[in-house]
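[1] Fold the following for me, if possible:
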Amino acid sequence: MAEANEIPIDRKLGEIFEEAYNLMDTIEACYDPMNSPGVQANIKKCIGLYEDATRLVSLCGLFSSNETYEEIATENLRYFLLPFFLGQLNLKLCNADRKQIVEMADVYFNDFLRRCENYALCQKPETESAVVARNDTPGDKVQELARMAQERNTKLQKYQEKKELTDQIKLLKVAMKKEHVDDEIKREFYLKLLKSCIMEAHDELASIAQEKQILQYIDVARRNNSSTESHKPTPKGPPPRPLKPIIITRDAAQKAVYGMGYPSLPTMTVADFYEQRVREGIFPDAERMKEINKNSLMNRVYQDNAAELDKEEEEKETLVEQDDEEYLARQRAKDEFKDDHRRGYGNRHNRS
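    Numbers count the residues shown, from 1 in each chain. As a prediction, the model looks like this:
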């Protein structure tokens, strides 16, 4: 997804997540069409960063199934959001098979909700069969109207709760941008963000279920019209590579469970990913690039400048140690001038 110079081998997990999170904010704030090349390139880059972060989380084994969210360190709470963000970003892709995109997003959102349920961040929702059984119970029109009113009130309550959460997250997000943030504020921000994302994930899964039905109907219609489509020219070039979900797992057994039947490779580190791309000829060899940069003209100029600066510093230190009167007098004169003339004193061009 990303270029070679954007995925260094020695990057930290927190740095990769922060870059992806900031890039995601840029995508959300962008006014360009979602299918424009620039926006799609940013989406793919962001997906690649989140996938690398997911591989590192799996490799580090940050999460354990016998813990609750209260036992998770504040800085690690944000990594619960990885599958949710990947699901959101995959739904924004425009140059891939929509059916694959929807299936990928379904895997990510279900993985996110299942992990949140395991860590007591949310309760397991009522099964669909139980809801159908309750709604199919015989009753008169009054009971039916009462049920509809209750559902309406529940939706309004969820909407109000989501709106309040959004406002609180905006305020906490401003506080998070400060240089020194208290640990309690960080934890409150991540927990409220998780709660908001859990609500969005349920809505996204409901939309995905409806879209799957529409896509299935379109597939049936296309098969019925296969006779007319057979005369159309077949597209040239190899078929697009199938998408693969990257989810947080620790071993092959978890991969088989969380992967839900999809061929995923979640245990690859960023270094392994880079080395694989080097073998495929997509990324340049890091050692070779170091040798090329070492002999470059710019590098030589930089080394010469650094040597000159070091030499000047040594000369200054020698003059200070020897109490050179001329040098000390010059430094005192500079200090006196700075005391009497503040910065920008003589630069009054085009100023009132």
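[2] other SSEs contacting the helix or strand harbouring residue 153?
    Using DSSP states H and E, residue 153 maps to helix 141-176. With contacts taken as 3 or more C-beta pairs under 8 Å, 6 or more residues apart in numbering; DSSP states H and E, helix 141-176 sits against helix 183-224. Every C-beta, even on glycine, is put in place using the N, C-alpha and C of the backbone.
[3] and residue 76, what does it touch?
    62, 63 (C-beta atoms under 8 Å, 6 or more residues apart in numbering).
[4] any idea which element it lies in?
    Going by DSSP H and E, residue 76 is in helix 74-77.
[5] Quick check: buried residues in that helix?
    Using 16 or more other C-beta atoms under 10 Å as the test for burial, helix 74-77 gives 76, 77.
[6] again, but for stretch 99-117
    For stretch 99-117, a neighbour-count test (16+ other C-beta under 10 Å) marks 100-113, 115-116 as buried.
[7] do stretch 173-185 as well
    Buried residues in stretch 173-185, counting neighbours by 16+ other C-beta under 10 Å, are absent.
[8] ok, back up a step: which pair of the buried residues of stretch 99-117 spans the longest distance?
    Largest separation among these by C-beta to C-beta: 100 and 116, giving 24.9 Å.
[9] before we move on, the earlier item: show me what the helix or strand following the helix holding residue 76 is in contact with.
    Proceeding N to C from helix 74-77, the next assigned helix or strand is helix 82-91, under DSSP H and E. The contact list for helix 82-91, computed with C-beta under 8 Å, 6+ apart, reads 17, 20-21, 24, 43, 46-47, 50-51, 53-54, 57, 101-102, 104-109, 111-112, 115, 197, 200-201, 204, 243, 245-248.
[10] Let's see that with 7 Å instead.
    24, 43, 46-47, 50, 53-54, 57, 101, 104-105, 108-109, 111-112, 197, 201, 204, 247-248 (C-beta atoms under 7 Å, 6 or more residues apart in numbering).
[11] Over to stretch 150-158?
    Here stretch 150-158 makes contact (C-beta under 7 Å, 6+ apart) with residue 199.
[12] returning to what we had before: what's the angle from the helix holding residue 153 to helix 183-224?
    130 degrees (axes from the mean of the first three to the mean of the last three C-alpha atoms, to 10 degrees).
[13] now helix 141-176, how far from the chain's geometric center?
    Counting by C-alpha atoms, centre = their mean, to the nearest Å, helix 141-176 is centred 26 Å from the centre of its parent chain.
[14] from now on call the first residue 58
    With 58 as the first residue, the last one maps to helix 198-233.
[15] Now it: buried residues?
    Buried, per 16+ other C-beta under 10 Å, within helix 198-233: 222, 225, 226, 229.
[16] so how far is residue 370 from the third one?
    So the one you mean is residue 226. 49 Å (C-beta to C-beta, to the nearest Å).
[17] Same question for the last one.
    Between residue 229 and residue 370 the distance is 45 Å, computed by C-beta to C-beta.
[18] Equivalent analysis for the first one, please.
    Residue 222 sits 55 Å away from residue 370, taking C-beta to C-beta as the criterion.
[19] now do the second one
    Here the criterion is C-beta to C-beta. By it, residue 225 lies 51 Å from residue 370.
[20] Quick check: chain neighbours aside, which residue is closest to residue 156?
    Distances taken as C-beta to C-beta, 6 or more residues apart in numbering place residue 272 nearest to residue 156, at 5.3 Å, with adjacent residues excluded.
[21] Give the full set of residues in contact with that neighbour.
    155, 156, 159.
[22] wait, which of those is closest to residue 276?
    Lowest distance from residue 276 to those (C-beta to C-beta) belongs to residue 156, with 7.8 Å.
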